[in-house]
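Colleague: Got a predicted model here, sequence first, then my questions.
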Amino acid sequence: MTRHSQAGRLRDFAALLAASREGEPALDLHLEEEPLMVELEEHHAQALSLIGRREALLASARELTVQLKETVAVGYERTVALRSLIRSKLGPCSEKLARYGIKPLPRRRSGGVKVPAGCRKAG
């Protein structure tokens, strides 16, 4: 990873902080007291905290996705069963089926194909 990626920049923060804590006796620097170093430490800690929160949210999102898929699958099964029940109550050719999103079978067929019992015209 490069220094331009988030992970690369965080490694760069950590390396600079570690080197700054060790100090440079020849330069007589007291970087631990430097406001820039204090700010960098705060931002580094905040970034690590945010990464932890993001990972927890991603894990939660994956878990919720599994639950959602299961719920939708069961709901779909119930939808099929309910439409089947409605079709059995109204008959396979009833125009009322369209109200429930069910395409009714045609009442008459040509070519000698048997017409289902529920599709015959009452006469």
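Modeller: Received, thanks. Numbers count the residues shown, from 1 in each chain.
Colleague: From Arg83, how far out is Arg99?
Modeller: 11 Å (Cβ to Cβ, to the nearest Å). Every C-beta, even on glycine, is put in place using the N, C-alpha and C of the backbone.
Colleague: what about these two, which has more around it?
Modeller: Arg83 (14 against 10; other Cβ atoms under 10 Å).
Colleague: got the contact list for the more buried one?
Modeller: Residues near Arg83 by Cβ atoms under 8 Å, 6 or more residues apart in numbering: Tyr100, Gly101, Ile102.
Colleague: per-residue confidence for the residue nearest to the first one when sequence neighbours are not counted?
Modeller: I take that to be Tyr100. With sequence-adjacent residues excluded and distances taken as Cβ to Cβ, 6 or more residues apart in numbering, Tyr100 is closest to Ile86, at 5.1 Å. Looking at Ile86, its pLDDT is 96.
Colleague: check which helix or strand covers Ile86.
Modeller: Using DSSP states H and E, Ile86 falls within helix 35-90.
Colleague: Next up, the contacts around the residue nearest to Tyr100.
Modeller: Leu97, Tyr100, Ile102.
Colleague: which one of those sits closest to His44?
Modeller: For His44, the nearest member of the contacts of Ile86 is Tyr100. The distance, counting by Cβ to Cβ, is 59.5 Å.
Colleague: how far away is that closest one from Ser94?
Modeller: 10 Å.
Colleague: Which one's more surrounded, those two?
Modeller: Between Tyr100 and Ser94, counted using other Cβ under 10 Å, the more crowded position is Ser94 (19 against 12).
Colleague: I'd guessed that one sits against Pro104; true?
Modeller: Yes. In terms of Cβ atoms under 8 Å, Ser94 counts as a neighbour of Pro104; the distance is 5.8 Å.
Colleague: pLDDT score assigned to the most centrally placed residue in the chain?
Modeller: Centre of the chain computed as the mean C-alpha position; nearest residue by Cα atoms, centre = their mean is Thr65, 4.9 Å away. The model reports Thr65 with a pLDDT of 98.
Colleague: so where is this protein shaky, pLDDT-wise?
Modeller: For the chain, the stretches flagged by pLDDT under 70 are 1-3, 24-33, 108-118, 120-123.
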